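> Give me the fold of what follows.
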Amino acid sequence: MSNGTGVASYSKGEASFVEIAPGKYLFALSVYEPMQRTLHAFVDAPEELRKEDGPRTITARLQSLRETRLVAREDYPVLVTFADVNDPKSVQLVDPANLAATFGPGFALKGMTLEITDEKVTEGEVEKVLEWIAGFDEKQFDGSRYRDLQNNSLANTLGSGDFVIRGKK
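Now for the predicted structure:
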């Protein structure tokens, strides 16, 4: 997909997640804005973005990097969990500043990192936990065919594409 700068980009991958407690998972929906988050974490000089060749230079730089960086709190991805991992309608937002509110006392998020590596993109890990997710390629987690602007439930705003992006074929 072209972003109007003459630089094409696409995403492929799946949400990062961790099993917080047996059967309780925390999903980071970084599939929403992976390039934006990457730019914020790895571009040291924002003025590079304004240069005429900025996007091409940044893309080349990112392709050669193999680093880990802290993610600024304002750049954290959307965090979600499921009250019942077998029920897509039970999806709920998780406050990164208060994991204990969702998972109980003793749970806290100290920070996040983003790493650029040569490792292969994971595939199928989300489906191992959310076995039902493939059935939501063309509908929302509440079963609706389309997002309903009058329905502000989280289950109506999420579908499988928020957890898994298959990229170019």
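
> Wait, a helix at Ala100?
Yes - according to DSSP: H, G, I helix; E, B strand; the rest coil, Ala100 belongs to a helix.

> contacting residues for it?
By Cβ atoms under 8 Å, 6 or more residues apart in numbering, the contact set of Ala100 is Gly106, Phe107, Ala108. Bear in mind the C-beta positions are built from the backbone N, C-alpha and C, glycine included.

> Present these as a markdown table; the columns should include pLDDT and secondary structure.
As requested, those are arranged in a markdown table below (pLDDT from 0 to 100; DSSP: H, G, I helix; E, B strand; the rest coil):
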| residue | pLDDT | secondary structure |
| --- | --- | --- |
| Gly106 | 94 | coil |
| Phe107 | 95 | coil |
| Ala108 | 95 | coil |
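
> which of those count as buried?
Buried by 16 or more other Cβ atoms under 10 Å: Phe107, out of the contacts of Ala100.

> Nearest to Val91 among the contacts of Ala100?
Phe107 (18.2 Å; Cβ to Cβ).

> What about the closest residue to that closest one other than its chain neighbours, how many residues nearby?
Spatially, and ignoring its direct neighbours in sequence, Phe107 is nearest to Leu99 (4.2 Å; Cβ to Cβ, 6 or more residues apart in numbering). Leu99 has 18 neighbours, counted by other Cβ atoms under 10 Å.

> who touches Leu99 in this structure?
Ile20, Leu26, Phe107, Ala108, Leu109.

> Listing partners with orientation, what would you give for whichever strand or helix holds Leu26?
In this structure, Leu26 sits in strand 24-28 according to DSSP states H and E. Applying DSSP bridges to the sheet, strand 24-28 is found paired with strand 16-21 (antiparallel), strand 79-82 (antiparallel).

> Could you check how far the last one is from the centre of its chain?
I take that to be strand 79-82. Distance of strand 79-82 from the chain centroid (Cα atoms, centre = their mean, to the nearest Å) equals 11 Å.
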